[in-house]
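A.B. asks: This is the structure alone, sequence omitted:
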C-alpha cells in the first residue's frame, strides 16, 4: 500500500512537471485539469469513458470500447481532427465508475463519453457536470443521467422514450392486445421503461393484464411471473431488462409450453452471443433498437465488416452508438473550430452550443438532433430474431 | 391446480437451497465456522462441469466427478491456507477471512472465465426430449432436475447422518465439534478431521453447483453468491448444524418464497421470506430442528 502510494505520488509529480513544461508555450486556462493534455499528446483530443469491461455487463462495455476504437482509428487515418481514446473499467458499479473517472481526469481527459451503463453514468455525470467536462454517453439511458445537467448528452434513447416507443410500436403493428410486463424493480433502467410503457399502453387501449417484478438475488425462478401472465391470457410479454434474466425467462417459458409473443428493449441485444444459449428459444423475439447490422446502408456494412474482422462478432447496438458518438464529436469539433489545446471548460461551452444546434447522420439514425436537456431525437427500428439472427421488421 | 403448480415450483427452488444448505450445515456443525465461500465453491464446480461437458465433450457424469475432485481439492487448499492459521483466532476473524475467500474466488473466476454469461447444458432430458414428468394430462409438470435434486438431497442427507453417526471418522468429527481440546487429548488428529470436513463439504458443493445450474442455466462468476446466502438462511431456519434441518429449511424457504411471490406480491417476496425467518428465530432461536444446547457453567 505504501509503495503504491509512493508510486502514485511520483507519477503525479511527473505529470505536474510535464504540465509545467507545456505551460511555457501555452498557458492553460486557470481552474482546469487539462494542462497535461498539452504536454506530449500534441494535436489529439483526449477522449475518455468508463464502462464495464469486466463483470456481468461486460458485453456492453467492450462493445462500446470496440465501436469507439474503430471510429477513432478511422478518423485519425483521415488526417484533420485527431483523437486519443482511453477506456477505464467500472464493472457496472457507481463507486468504481467515479474512481475510473478520476483516473481519466488525471490522464487529462478533455471530452468524455460518460459511462456505458445507467447507474454508473448517473454518478459520473454528476462529476462531469461539476468539473465542466462535456460528456456524450453512447448508452446510459435513464432520465437521471441527463437531468439537470446542461453538459450531459445521450446518443441512445432515454428510457421513457423507449417505453413509449415500444407501446406505440406494439399498438401500431397490432402485435397484441393483452400485455404482460415482467420487470426488475431494483433497476432504474427497467423501472423507467416499465413506467412509461404502462402509461402509454393505457392511452393506446392496450390492456396490461399482468405486471410482475423480480430483483437482484431473486432472479432465477420466474415460474410465478410466467404463470401469472399465462393465466391472465397475455398474448404478448414485454421484457424491459437485460438479456441474462431474459434468457432464463425464455427457457422457463419454453419448459412450461407457454409461447406468447416476446417484446424486448435494447438490453435484450446480446442474447444471441451468450455462450451455450439455445438460440431457438429466442426465435421470434422482437425488440426496438436504433441499429440494424443487416442494413444495406454502405456505412453500416463497412462498420460491420471492420468490426467482424477485428473482434470476430457482429456488432450490437452499443458498438454502433459508440461509433456514432465519436463521429458526432468530430462533426461538432470541426464546426466549432476547436483545437486540442483548448481547455476542457472551453470545449464544454463550445460543445453545448454545437450539439443543441447541429443535425447528425449516423449508423443509428439519420437527422438526429438534441434538445437542451441532452436527450436525442431519432426513430427506432423494429427487429425480430429469425434463425438466430436479427432481421429488420419493416 | 394452480396451487399445486406453485407448490411444485416452490419445491424445485427449495430443493436447490436444501442441497446447498447441506454443505453449509455440515461444515458449521463440525468446524463451528461459517464458510461464506461455500457459494463460490459451488460456482467453481459449475464452471468445471460446464467446461468439461461443453468444451471437451466429456459425458456429464465424468464432468460431475471432475468437478467434485477439483472442488474437494480446492476446499482443502482453502482450509489449509486461509482457515487453518486462524484456528486459535476469534471466530469473527475467521468469518471475515471466509468473506475474503469468497471475493477472491469470484474475482479469480472473473479473470479465468470472463464475465460473459454461459448457458449450462441440460443433462436431464429423456430419450424423447421431455424435460419432466407430466401429471393430470399435462396440467402439472415436475421437471427431472427437481426429482433428481430431491433424490440426491435425501441420499446425501442419509449418507451424512450415517457417516457422522457410525464411522470412525464421523465420530472423530463429532468429537472435534464438541470439544477440540479434549478430542486432541483422546488422540484424534483435529487438523486432519477438520480438513476432511472441508473436503466433504466442498465435494457436496460441486454436486450442488451442477444441480443449481441445471435448474437455472445461466452461469456467471457471481452465480453462487446469492443462492449461497439464501441457502445459509435456509440452514439457519432449519437449525444450523442439523443435517435434516438443512433439508427441511431449504424446502420450506423455497416454498415460502414462491407462495409469497404468487399470493402476496412479487415485489415483496424477499421481505416476506426474511420476515418469516425472523419470526421463527424469535420463537425457536435454534431454528426448527436445532438443538438447544445448554452451556454448562
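C.D. replies: Thanks, I have it. None of these values were measured; they are calculated from a predicted model.

A.B. asks: what does the stretch 251-394 of chain A have sitting close to chain B?
C.D. replies: Neighbours of chain B within the stretch 251-394 of chain A, by Cβ under 8 Å from any Cβ of the partner chain: A:251, A:255-257, A:273-278. C-beta: built from backbone N, CA, C; applies to glycine.

A.B. asks: looking at this, residue B:36 is in a helix?
C.D. replies: No - counting by DSSP: H, G, I helix; E, B strand; the rest coil, residue B:36 is not found in a helix; it is coil.

A.B. asks: on contacts alone, who are the packing partners of the helix ranked longest in chain B?
C.D. replies: For chain B, the longest helix by residue count, based on DSSP state H, is helix B:2-31. Here helix B:2-31 touches helix A:223-231, helix B:38-50, strand B:140-143, helix B:144-166, helix B:168-178, helix B:190-215, helix B:225-238, helix B:243-259, going by 3 or more Cβ pairs under 8 Å, 6 or more residues apart in numbering or on different chains; DSSP states H and E.

A.B. asks: Does the longest one pack against any helices or strands, and if so which?
C.D. replies: Of the remaining helices and strands, those touching helix B:190-215 by 3+ Cβ pairs under 8 Å, 6+ apart are helix B:2-31, helix B:38-50, helix B:60-78, helix B:144-166, helix B:168-178, helix B:180-185.

A.B. asks: Residue A:162 is nearest to which of those helices?
C.D. replies: Comparing the helices and strands packed on helix B:190-215 against residue A:162 with Cβ to Cβ, the closest turns out to be helix B:2-31 (31.1 Å).

A.B. asks: Tell me the buried residues in that closest one?
C.D. replies: B:5-6, B:8-31 (16 or more other Cβ atoms under 10 Å in any protein chain shown).

A.B. asks: and stretch A:350-370, how far apart are its ends?
C.D. replies: In stretch A:350-370, first residue to last residue: 15 Å (Cα to Cα, to the nearest Å).

A.B. asks: buried stuff in it?
C.D. replies: So stretch A:350-370, judged by 16+ other Cβ under 10 Å, has buried residues A:350-352, A:354-355, A:360, A:362-365, A:368, A:370.

A.B. asks: Give the buried residues for the host helix or strand of residue A:124.
C.D. replies: Following DSSP states H and E, one finds residue A:124 within helix A:118-131. Buried residues in helix A:118-131, defined by neighbour count with 16+ other Cβ under 10 Å: A:118-129, A:131.

A.B. asks: helix or strand right after the helix or strand hosting residue A:195?
C.D. replies: Using DSSP H and E, the element containing residue A:195 is helix A:188-203. Following helix A:188-203 in sequence order, the next helix or strand is strand A:207-214 (DSSP H and E).

A.B. asks: Make sure I have this right: residue B:221 is in a strand.
C.D. replies: No - the assignment for residue B:221, made by three-state DSSP, is coil rather than a strand.

A.B. asks: and the residue in the stretch 251-394 of chain A positioned nearest to chain B, how many neighbours?
C.D. replies: Using Cβ to the nearest Cβ, the single residue of the stretch 251-394 of chain A nearest to chain B is residue A:276, 3.7 Å away. For residue A:276, the count of nearby residues is 16 (other Cβ atoms under 10 Å in any protein chain shown).

A.B. asks: which ones are touching it?
C.D. replies: Applying Cβ atoms under 8 Å, 6 or more residues apart in numbering or on different chains, we find residue A:276 in contact with B:50, B:54, B:118-121.

A.B. asks: go with 7 Å
C.D. replies: B:54, B:118-121 (Cβ atoms under 7 Å, 6 or more residues apart in numbering or on different chains).

A.B. asks: For it, which non-adjacent residue is spatially closest?
C.D. replies: residue B:119 (3.7 Å; Cβ to Cβ, 6 or more residues apart in numbering or on different chains).

A.B. asks: Identify all contacting residues around stretch B:188-205.
C.D. replies: In contact with stretch B:188-205 (Cβ under 7 Å, 6+ apart) are residues B:22-23, B:26-27, B:30-31, B:35, B:38, B:41-42, B:45, B:68, B:71-72, B:74-76, B:79-80, B:84, B:156, B:169, B:172-173, B:175-176, B:180, B:183-184.

A.B. asks: Give me the buried subset of those residues.
C.D. replies: Buried by 16+ other Cβ under 10 Å: B:22-23, B:26-27, B:30-31, B:35, B:38, B:41-42, B:45, B:68, B:71-72, B:74-76, B:79, B:156, B:172-173, B:175-176, B:180, B:183, out of these.

A.B. asks: Distance from the chain centre to stretch B:256-270, please.
C.D. replies: Here stretch B:256-270 is found 23 Å from its chain centre; the criterion is Cα atoms, centre = their mean, to the nearest Å.

A.B. asks: hmm, back to that, nearest to residue A:59 among the buried residues of stretch A:350-370?
C.D. replies: residue A:364 (17.8 Å).

A.B. asks: you'd agree that closest one is up against residue A:290?
C.D. replies: Yes - under the criterion of Cβ atoms under 7 Å, residue A:364 makes contact with residue A:290 at 4.0 Å.

A.B. asks: anything in contact with each of the two?
C.D. replies: A:317, A:378.

A.B. asks: Next to chain A, which bits of the stretch 1-150 of chain B? Give me the list.
C.D. replies: Residues of the stretch 1-150 of chain B found near chain A (Cβ under 7 Å from any Cβ of the partner chain) are B:2, B:5-6, B:9, B:13, B:54, B:110, B:114-121, B:131, B:143.
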